[in-house]
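*Asks:* The following comprises the amino acid sequence and a computationally predicted model.
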Amino acid sequence: MKKFLFEFVTVFFLYIGAILEAQQPSNNLSRPEIDALNQRCYNNKAENWDRFPFGSILPKIILKYYPSELGSKALDIGSGTGILAHWLKQQGLSILCLDPSKEMVRRCREKGLATVQISIQEFQTNEKFALVFAMLSLIHVPKLEFSPQIKKIAALLLPQGIFFLGLIEGNGEGIAEQKSQYPRYFSYYTKEEVLNVIENNFKVVEYIRLEGPPNYLIFVLANNYGKP
Ligand SMILES: C[S@@+](CC[C@H](N)C(=O)[O-])C[C@H]1O[C@@H](n2cnc3c(N)ncnc32)[C@H](O)[C@@H]1O
């Protein structure tokens, strides 16, 4: 009887431990630790992102899906060096950039872009946008926070507003580029995982998979707020 009780208690605590562990980001890093790691890289190696993201396809699909009837307000989450935002401004959009890296913010402001130094998780506003961009920035959000951030982005958009989302294909999350001087924390996604998370808030209007490595997933999503 004693042996049975001992085994039962051990299995019970192992089970509880497994549940708690599944709710932590892998590597047991807290969000401030993840953000600090990523910002160390972006503050020191910002010039690596001095290029138009997905330059061969993104401008075309932005112009194709831009809902001009919704006005000109756009938000760029994780705007990096501001090259995409600068181009959007040249197209006549009124663009707000946000990025937690001080060097990225400096580079955006140098281009004359309105920029807030903040992460998407901390960002608060009552403004609504016709367009939201998150090109390779939600890849740095722990996976447990992905779904709440998607809901938050849906709420930032006007009804029928468009969300351009760029992610890296894969499974799981954790620190990568360990051998480099500036490792980063990444969250990877499969197409199915993304579709499950977005289904209540967005309709997919275009999906593109770019072969790598790494493989990139680009989603053009219409906010279905107000639609049955
Ligand atoms: C791979 S770079 C991409 C930059 C730009 N979107 C582009 O495609 O060129 C990722 C950017 O996301 C920013 N970032 C990291 N964590 C973030 C977070 N939690 N919220 C918003 N931006 C974040 C980084 O500082 C960095 O500028």
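*Replies:* Everything's here; your move.
*Asks:* Now the phi/psi pair for the residue lying closest to His140 once chain neighbours are set aside, please.
*Replies:* Distances taken as C-beta to C-beta, 6 or more residues apart in numbering put Asn38 closest to His140, at 5.0 Å, once the chain neighbours are dropped. For glycine as for every other residue, the C-beta is placed from the backbone atoms N, C-alpha and C. Per-residue torsions, Asn38: phi -70, psi -40 (degrees, to the nearest 10).
*Asks:* from what I can see Asn38 touches Val141, true?
*Replies:* No - if you go by C-beta atoms under 8 Å, Asn38 and Val141 don't touch, sitting 9.9 Å apart.
*Asks:* near the ligand at all, stretch 111-128?
*Replies:* Yes - Stretch 111-128 comes into contact with the ligand (C-beta under 6 Å from any ligand atom), by way of Ser119, Ile120, Gln121.
*Asks:* so how far is that stretch from its chain's centroid?
*Replies:* How far stretch 111-128 lies from its chain's middle: 14 Å, per C-alpha atoms, centre = their mean, to the nearest Å.
*Asks:* got the contact list for it?
*Replies:* Stretch 111-128 is contacted from outside by 31, 35, 73, 77-79, 82, 85-86, 89, 95-102, 105, 108-109, 134, 137-138, 141, 145, 149, 152-153, 156-158, 161, using C-beta atoms under 8 Å, 6 or more residues apart in numbering.
*Asks:* what mean pLDDT does it have?
*Replies:* What stretch 111-128 shows for mean pLDDT is 98.
*Asks:* Tell me the buried residues in that stretch?
*Replies:* Going by neighbour count (16 or more other C-beta atoms under 10 Å), the buried part of stretch 111-128 is Leu113, Thr115, Val116, Gln117, Ser119, Ile120, Phe123.
*Asks:* and which of the residues of stretch 111-128 next to the ligand is nearest to Tyr65?
*Replies:* Nearest to Tyr65 among those is Ile120, at 21.3 Å by C-beta to C-beta.
*Asks:* Pop out the phi and psi values for the residue positioned nearest the centre of the chain.
*Replies:* For the chain, Leu138 is the residue whose C-alpha lies nearest the centre (C-alpha atoms, centre = their mean; 1.5 Å). Main-chain torsions, Leu138, degrees, to the nearest 10: phi -70, psi -10.
*Asks:* Thank you, goodbye.
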